[in-house]
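Enquirer: the following comprises the amino acid sequence and a computationally predicted model.
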Amino acid sequence: MMNTGGSGVSLPPFFDLSAFSTIGSTNEEARRLADLERGEGQLVWSLKQTHGVGRRGRQWNSPSGNLYCSLLLRPNCDAAEGAKLSFLVAVAMYDTLQQILPETTPLALKWPNDVLISGKKVAGILLESKSNNKNQLEWLIVGTGVNVASFPAVTDGLAATSITQAGGDAKLEGLLCSYATHFLALYQLWQKQGFSSIREKWLARASGVGSEVTVKLANNQFVGTFTDMDETGALVLTMQDGSTKLVTAGEVFFQNT
């Protein structure tokens, strides 16, 4: 049995869909549902956002024709473990796009949670959460934006692209259903096996492993070779002197960009 949420979209029964033609922010609506004590699986989808938000509070351009959705989760874990679910979402989106793009399309994941086509950003992920006084998550919201029909010139410092630009043909309803199905399979895997299985899948799809990258922080930047991602979700760099550096925050740029 599938849940259509009255919108004609067929979703696994885990999901409860709220569909809008226009909304300020799907994440904001998901927060409202969380505060109303709604269970996990609430999926907010809108054809257009008027106040979409990206990482670090940046505006996320949200015209009609692209996919904007937010998912409410209540994972039984602490905040640090919950934050690693962004890698799970990235893998789910990668697998979704792989099914609709031409077979030879260069598709890759970029730390921490960007999805790239030919090195250009096609999707972004934003996590918001609320923890109790024991640092256990009360709720986690996963916001996702995918450039389907159009794209801005630059997103979060990266050149951007869209599914259509890359030769893919996707209807929003089908894209949402595919993403939800891939997400649920990975979420259930994470619940059973933990982050290690997700980490392996992410690394297998990651761009730049073995290559030099530049990491930009608020006040400085440095260069190292991207060699791994550890069990905490930190980027593992090998520095020129052979030492290892863990990166838990910052923006990563490949040397050729």
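Expert: Nice, I can see it. Residues are numbered from 1 along each chain as shown.
Enquirer: can you tell me the SS state at Val148?
Expert: Three-state call for Val148 (DSSP: H, G, I helix; E, B strand; the rest coil): coil.
Enquirer: if I pick it, what's in contact with it?
Expert: Counting by Cβ atoms under 8 Å, 6 or more residues apart in numbering, Val148 touches Gly65, Asn66, Leu67, Ser162, Ile163, Thr164, Ala170, Leu172, Leu175. Bear in mind the C-beta positions are built from the backbone N, C-alpha and C, glycine included.
Enquirer: give me the lowest-pLDDT entry from these.
Expert: When these are sorted by pLDDT, the bottom entry is Ala170 at 90.
Enquirer: pretty sure it sits against Ser162.
Expert: No: applying Cβ atoms under 8 Å, one finds Ala170 not in contact with Ser162, separated by 9.8 Å.
Enquirer: returning to what we had before: neighbour-wise, which one of the contacts of Val148 leads?
Expert: Asn66 (26 neighbours; other Cβ atoms under 10 Å).
Enquirer: state the distance from the closest residue to that residue other than its chain neighbours to Phe14.
Expert: Leaving aside its sequence neighbours, Asn66 sits nearest to Val148 (Cβ to Cβ, 6 or more residues apart in numbering; 4.8 Å). Here the criterion is Cβ to Cβ, to the nearest Å. By it, Val148 lies 24 Å from Phe14.
Enquirer: what of Ser197?
Expert: Taken as Cβ to Cβ, the span from Ser197 to Phe14 is 19 Å.
Enquirer: isn't Asn147 right next to Ala123, touching?
Expert: Yes: under the criterion of Cβ under 8 Å, Asn147 makes contact with Ala123 at 6.9 Å.
Enquirer: top helix in this structure by residue count?
Expert: Longest helix in the chain, counting residues (DSSP state H): helix 172-193.
Enquirer: which strands and helices lie in contact with the next helix or strand along the chain from that one?
Expert: Later in the chain than helix 172-193, the nearest helix or strand by DSSP states H and E is helix 195-205. Helices and strands touching helix 195-205, by 3 or more Cβ pairs under 8 Å, 6 or more residues apart in numbering; DSSP states H and E, are helix 85-100, strand 107-110, helix 172-193, strand 221-229.
Enquirer: including distance to Leu137, could the ones you listed go into a markdown table?
Expert: Below are those laid out as a markdown table (distance: least, Cβ to Cβ, whole Å):
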| stretch | distance to Leu137 |
| --- | --- |
| helix 85-100 | 10 |
| strand 107-110 | 24 |
| helix 172-193 | 14 |
| strand 221-229 | 22 |
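Enquirer: please identify the most buried of those.
Expert: helix 85-100 (a mean of 22; mean count of other Cβ atoms under 10 Å).
Enquirer: where does the stretch 1-150 of the chain have low pLDDT?
Expert: 1-8, 52-61 (pLDDT under 70).
Enquirer: helices along that one, start to end?
Expert: 26-35, 79-83, 85-100 (DSSP state H, counting those that start in this stretch).
Enquirer: the inter-axis angle of the longest one versus strand 221-229?
Expert: Angular relation of helix 85-100 and strand 221-229 on a 0 to 180 degree scale: 80 degrees, by axes from the mean of the first three to the mean of the last three Cα atoms, to 10 degrees.
Enquirer: between helix 85-100 and helix 172-193, how many degrees?
Expert: Using the same axes, to 10 degrees: helix 85-100 against helix 172-193 is 130 degrees.
Enquirer: just checking, what packs against helix 85-100?
Expert: Against helix 85-100 (3+ Cβ pairs under 8 Å, 6+ apart) you get strand 107-110, strand 114-117, strand 120-131, strand 137-146, helix 172-193, helix 195-205.
Enquirer: fine by me, thanks again.
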